[in-house]
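>>> could you work out the structure for the sequence below:
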Amino acid sequence: MQKNNSKVTFAGNAMTLVGTEIKTGIKAENFTALNQSLEPVQLSDFDGKVKVLSVFPSIDTGVCSAQTHRFNKEAASLDKNIQIITLSNDLPFALGRFCGAEGIENLVTLSDHKDLDFGLKYGFVVEELRLLARGVVVIDKNNEVKYVEYVAEMTNEPNYDAALTVAKSLI
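Below is the predicted model:
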């Protein structure tokens, strides 16, 4: 399996990312993940919009919860042509439970647990844990990758401001 050269740690321990490392300037590859109703959703379902992919290991941790809350809050005031999509390997049921309990209504939440289609195509699969690493990818209306962050220490939050600034500039 192809290794991603991005260096990430989890609680200070080096982790191995597998899959194709995503880079700015390339065309975003289509992927399929499951929504909370177990229905397949593809990146191409959001063609014509700016896509912000918020990627995290597990919704049931404090940092992942904070990341989801922050992007949900930001999404409420963004242009309607910007779609924030969260991706993790959590089961769709766990994502649904969390979003319902926490009032997360402005995001599309997707589970990559079944096939790791997103994680492998974008280089976010943590080999040692079979979780997704934390990060953000911004894709323009023409599906060109404009911003990528693989968060170096998975227990840290991503650079929200940098990702959102890029997303807003694409409208």
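>>> show me what contacts D117?
31-33 (C-beta atoms under 8 Å, 6 or more residues apart in numbering). All C-beta spots, glycine's among them, are computed from the backbone N, C-alpha and C.
>>> I should have written V125 there, sorry.
17-19, 116, 119, 131-133.
>>> give me the subset of these lying in helices.
The members of those that map onto helices under DSSP state H are G119.
>>> in strands only, show me the contacts of V125.
Among the contacts of V125, DSSP state E puts 17-18, 131-132 in strands.
>>> out of those, who's the most crowded?
Counting neighbours by other C-beta atoms under 10 Å, the top entry in those is L132, with 27 neighbours.
>>> which strand residues bridge that one?
Legend: beta-bridge partners of L132 under DSSP bridges are V125.
>>> ok, it - contacts?
If you count contacts by C-beta under 8 Å, 6+ apart, L132 has them with 55-57, 87-89, 112, 118-119, 124-126.
>>> repeat for V137
22, 28, 51-53, 55, 122, 145, 147-149.
>>> check R130 too.
With C-beta under 8 Å, 6+ apart, R130 has these contacts: 89, 116.
>>> those helices in the chain, which residues are they?
Applying DSSP H to the chain gives helices spanning 62-75, 92-102, 117-122, 160-169.
>>> these two touch, right, A28 and N143?
Yes: between A28 and N143 there is a contact under C-beta atoms under 8 Å: 4.6 Å.
>>> so what touches the lowest-mean-pLDDT helix or strand in the chain?
Sorted by mean pLDDT, DSSP states H and E, the helices and strands of the chain end with strand 3-10, the least confident at a mean of 86. Contact with strand 3-10 is made by 14-21, 57, 123-124, 126, 129, 133-134, 150-155, as judged by C-beta under 8 Å, 6+ apart.
>>> for M1, report the pLDDT, please.
pLDDT for M1: 68.
>>> residue ranges with poor pLDDT in this protein?
1 (pLDDT under 70).
>>> what residue is smack in the middle of the protein?
Nearest to the mean C-alpha position of the chain, by C-alpha atoms, centre = their mean, lies V55 at 2.5 Å.
>>> list the beta-bridge partners for it.
V55 has these beta-bridge partners by DSSP bridges: L87, G135.
>>> tell me who's in contact with the nearest residue to N159 once chain neighbours are set aside.
For N159, ignoring the flanking residues on the chain, the nearest one in space by C-beta to C-beta, 6 or more residues apart in numbering is E149 at 5.9 Å. Listed by C-beta under 8 Å, 6+ apart, the contact set of E149 reads 135-137, 158-159, 162-163.
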